[in-house]
Every structure is written in structure tokens, then in C-alpha cells.
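Enquirer: sequence plus predicted model, see below.
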Amino acid sequence: MMRQVAHGSRGAPDPAMTPVLLTLVSAILWGLWWMPIRWIEGMGLSGAQASVICNAGAALAILGYIIIARVRPRVTARTVLGAALIGAAFASYSVALTLSDVVRVILLFYLAPAWGKIIEWAFLGHRWRAVSSVTLTLSLVGAWLVLGGDLSLSSINAGDALALFSGASWAIGAALVFSDGRATASALTLATAFWAMLLSLAFAWLTGEALPNVASAAAIVASLALGAVYLLPIIAISLWGAQRLSPALLSFLFTLEIVSGVVSGVLLLDEPFGLWRLSGGVLIIGAAVIEAFAALRKATVAPPMAIPSEPVQ
């Protein structure tokens, strides 16, 4: 159980619960991320352009913190790769929110617990149990229902494909970060924001989008500020949690994003949310809940001393 790694006196807050609680807060904020993205899009920027500038704002802000606080960043090859994949997940997720229904994107992203379970079995040496087969089946059937019961390529648009890619990238990147705790949080955050910016730039280039010009100055300034004030904290919290929580448990905790994102999308955008999507969402959330109970039966939170603190000169 998680209390096995907790320290402190009786009645004091359990340190092992801190990453859990902060991850839940981060999940709620990620669920509402579509709102600033759509707002920036309304100012004239595409999803890819908004992602480039927002992540640039986040990268500049964390870089400024590292310089001012005289932090000595520490990374490893494994965590750099993990940061690149998580950056790809964040970038593709932001773009997907402008190319498909918000509700659909969020639900398709949450195949991540299924990918996380496969990764833990294939690469982290975890045993494949009967519950793993159940959660994987529920997740895949849930995705099928979200797509309207149609698995043909014609039923999957660009936003759907990016949402699926985002979930898989997040699961793999989180597994790499969790399995190597030697990187400092600020360095990991900087690497992730930087990779997300580059990958968003690559997507914009591949789709033939021009870079924003002077006419978009207001949108650029707003995007930079949004990246520093909104995006940076949730990236930092997400990565801090990824260093301490197993990929499967982390993905489960982030299903709270489904609640905040789907409810806000249905209420504010009047997006369709019929029986197919409702049933698919229930199955996907159910799979995550089952996985969480299985994960909480063993120690899934890294010991507090396993993650290095921020060394300051």
C-alpha cells in the first residue's frame, strides 16, 4: 500500500498522497485546456501555431527560473526521450482539440491506461494478470463505442488520430520518466516544453501553415502569457507526478480530466453526447478504476528520496 513509503508522525499528512492530489488538480486543468486553445484559435492562430507559442512561453518561463534560481539541471538519456514523447503527447493533444470534437478527443486520449498496462508488462517486467486483460478489453471496446461503432479509417479524422497518438506517447513517455528518477523536475519540464514546441512547429510545417506574423501580435503575446501562467504549472505538476506514480496509476488519476473536459465541452460547446459516447466513456473510466484498484494493492508511489531535489549553486 502507499502508506508503506510514507514518513512522518501519526496524524500528519501522508507525503505519498501529495503527488496523487497534485495530479488530480493537474487533470482538472488539462480537462479545461481546450478553452484557452479555442480562445487563441479565435484570435486567428491555428492549433499548431497556438501550441508552438504556448510551449515557447512555458519553456522561456522555466528557463528563466533555472537561471534566476541558479539551478543545475540534471537529465539522462532515458528522461530526455521520455520528455520528447510527453512533449509529443502535449503538442498533438493541443492540435487535436482544434481538429475534432473536444469530447471525442478527450475520450480517445484515455486509451492511455491500456497502453500503460501493455508498456508495464512488455518493458517494466510487470506480470500480465487477468485484470489486465479485462481493462484492456474495456478500453478498446470503449474506444470503439466513442467512434460510433465504426473501425474503418473513414471514421477517424485527423483530430482522432492525433488523440490516439497523444495517449500512446503519454503512456510511453510516463513509463520512461517513472523508471528513471535521476532527472531534476525543472530540467524535465524544460525538455518537455521545448520538445512540444519543436514538434508543434514540425506539424505546422508539414501541414503548410505559415508562422504567425505581426498582424497576430496580440494572439502571440496572449499565447506566450498563457504558456507561462497556465501551461507551465500543469506540465510541471504532471511530470512531477510521473516521476513518482506508476504509468497505470498516473493514467487513472488523469481520468478526472474526462469529467472536467467532457462536462465543460458538452455544456459550453453543445457537442453531441449520445448513448454511444456515454457507453464508451463509462467503459474507459471503468477500465481505469479497475486498474487503479489493482495498482493500489502494491507500492506504486516512488519513495520520496528516490527523486533528486533541485540542486542550487
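Expert: Sure, I can see it. Numbering: from 1, shown residues only.
Enquirer: got phi/psi on the nearest residue to residue 97 once chain neighbours are set aside?
Expert: Of all residues beyond its chain neighbours, the one nearest residue 97 is residue 34 (4.5 Å), with distances taken as CB to CB, 6 or more residues apart in numbering. Glycine gets a C-beta too; all of them are placed from N, C-alpha and C. As for residue 34, its main-chain torsions (degrees, to the nearest 10) stand at phi -60, psi -30.
Enquirer: so what's the closest residue in space to residue 143 that isn't next to it in sequence scoring on pLDDT?
Expert: Spatial nearest neighbour of residue 143, chain neighbours left out: residue 111 (5.5 Å); criterion: CB to CB, 6+ apart. Note for residue 111: predicted pLDDT of 71.
Enquirer: tally of neighbours for residue 111?
Expert: 24 (other CB atoms under 10 Å).
Enquirer: I'd say it and residue 146 touch.
Expert: No - with contact defined as CB atoms under 8 Å, residue 111 and residue 146 do not form a contacting pair (9.5 Å).
Enquirer: tell me, what's touching those two both at once?
Expert: residue 284 (CB atoms under 8 Å, 6 or more residues apart in numbering).
Enquirer: looks like residue 190 contacts residue 67 (just checking).
Expert: No - taking contact to mean CB under 8 Å, the distance of 10.9 Å between residue 190 and residue 67 leaves them out of contact.
Enquirer: name the residue in these two with the higher neighbour count.
Expert: Each of residue 190 and residue 67 had its neighbours counted (other CB under 10 Å), and the higher figure belongs to residue 190 (26 against 9).
Enquirer: residue 36 - how many residues pack around it?
Expert: Under the neighbour criterion other CB under 10 Å, residue 36 is assigned a count of 19.
Enquirer: and it, that's in a strand?
Expert: No - under the criterion used here (DSSP: H, G, I helix; E, B strand; the rest coil), residue 36 is helix, not part of a strand.
Enquirer: dump the residue contacts of it.
Expert: The neighbours of residue 36, taking CB under 8 Å, 6+ apart as the test, are 54, 226, 230.
Enquirer: also residue 268?
Expert: Remark: with contacts taken as CB under 8 Å, 6+ apart, residue 268 is in contact with residue 35.
Enquirer: got the confidence number for it?
Expert: According to the prediction, residue 268 has pLDDT 81.
Enquirer: how about the one 10 residues further on?
Expert: Taken from the predicted model, the pLDDT recorded for residue 278 is 78.
Enquirer: okay, and it sits in which element?
Expert: With elements taken from DSSP states H and E, the one containing residue 278 is helix 275-295.
Enquirer: same deal with residue 44?
Expert: Short version: residue 44 belongs to no helix or strand, going by DSSP H and E.
Enquirer: nearest residue to residue 107 other than its sequence neighbours?
Expert: When the adjacent residues along the chain are set aside, residue 107 lies closest to residue 146, with 4.6 Å between them (CB to CB, 6+ apart).
Enquirer: measure the residue nearest to residue 143 to residue 167 for me?
Expert: Using CB to CB, to the nearest Å, residue 111 is found at 5 Å from residue 167.
Enquirer: and residue 183, that one's in a helix?
Expert: No - for residue 183, which was evaluated using three-state DSSP, the result is coil, with no helix membership.
Enquirer: can you pull the contacts of the residue lying closest to it once chain neighbours are set aside?
Expert: In space, not counting the residues next to it along the chain, residue 183 is nearest to residue 79; the distance is 3.9 Å by CB to CB, 6+ apart. For residue 79, the contacting residues are 176, 177, 180, 182, 183, 188, 191, taking CB under 8 Å, 6+ apart as the criterion.
Enquirer: so what does residue 79 have for phi and psi?
Expert: phi -70, psi -30.
Enquirer: and the pLDDT at it?
Expert: 85.
Enquirer: buried ones in the strand or helix carrying residue 267?
Expert: With the criterion set as DSSP H and E, the secondary-structure element containing residue 267 is helix 256-269. Judged by neighbour count using 16 or more other CB atoms under 10 Å, the buried positions of helix 256-269 are 256, 257, 258, 260, 261, 262, 264, 265, 266.
Enquirer: rebuild those residues as JSON lines, extending it with distance to residue 102.
Expert: Putting the buried residues of helix 256-269 into JSON lines (distance: CB to CB, whole Å) gives the following:
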{"residue": "256", "distance to residue 102": "16"}
{"residue": "257", "distance to residue 102": "11"}
{"residue": "258", "distance to residue 102": "11"}
{"residue": "260", "distance to residue 102": "11"}
{"residue": "261", "distance to residue 102": "6"}
{"residue": "262", "distance to residue 102": "8"}
{"residue": "264", "distance to residue 102": "8"}
{"residue": "265", "distance to residue 102": "4"}
{"residue": "266", "distance to residue 102": "9"}
